[in-house]
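1. Mind folding the following:
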Amino acid sequence: MQKFSEFADTSISPVMDGKKVSLDEILEKEINVLRYRIKKTKYSEAKNPDCLTVQFSYPENEEAHFVFFSGSSVLMQQLEKYKDKLPFSAIIKKVGKYFTFS
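-> Numbering: from 1, shown residues only. Purely as a prediction, here's the structure:
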């Protein structure tokens, strides 16, 4: 019988580790978007039923990982559309009532 470790790709961690930061802390700052996950939110009163988790690093210290959470449908749509471009460098901006990568 095969061992899981013989065929599994262990270079991709299933857990998005890193210090949690708020989206407000990283607005207008360059980040390296490494991975993301979209799943249903646990908050029934949320406007968007989905929750975005993004793992990122800063260009000046790529070894340290961070994560932020958001219900932004614009960020989710952008990540889904450009998921084949990951990882990428971006700045998150607030435009009116929504967030966007630039």
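
2. quick one: secondary structure of the residue lying closest to residue 17 once chain neighbours are set aside?
-> Leaving aside its sequence neighbours, residue 17 sits nearest to residue 65 (CB to CB, 6 or more residues apart in numbering; 5.8 Å). C-beta here means a position set from N, CA and C on the backbone, and glycine is covered the same way. Three-state call for residue 65 (DSSP: H, G, I helix; E, B strand; the rest coil): strand.

3. now residue 80
-> From three-state DSSP, the assignment for residue 80 is helix.

4. any weak-confidence spans in this protein?
-> 8-14, 43-46 (pLDDT under 70).

5. and the residue positioned nearest the centre of it, what element?
-> Most central in the chain under CA atoms, centre = their mean is residue 54, positioned 1.3 Å from the mean C-alpha point. Using DSSP states H and E, residue 54 maps to strand 50-58.

6. helices or strands next to that strand in the packing?
-> strand 30-40, strand 61-70, helix 73-81 (3 or more CB pairs under 8 Å, 6 or more residues apart in numbering; DSSP states H and E).
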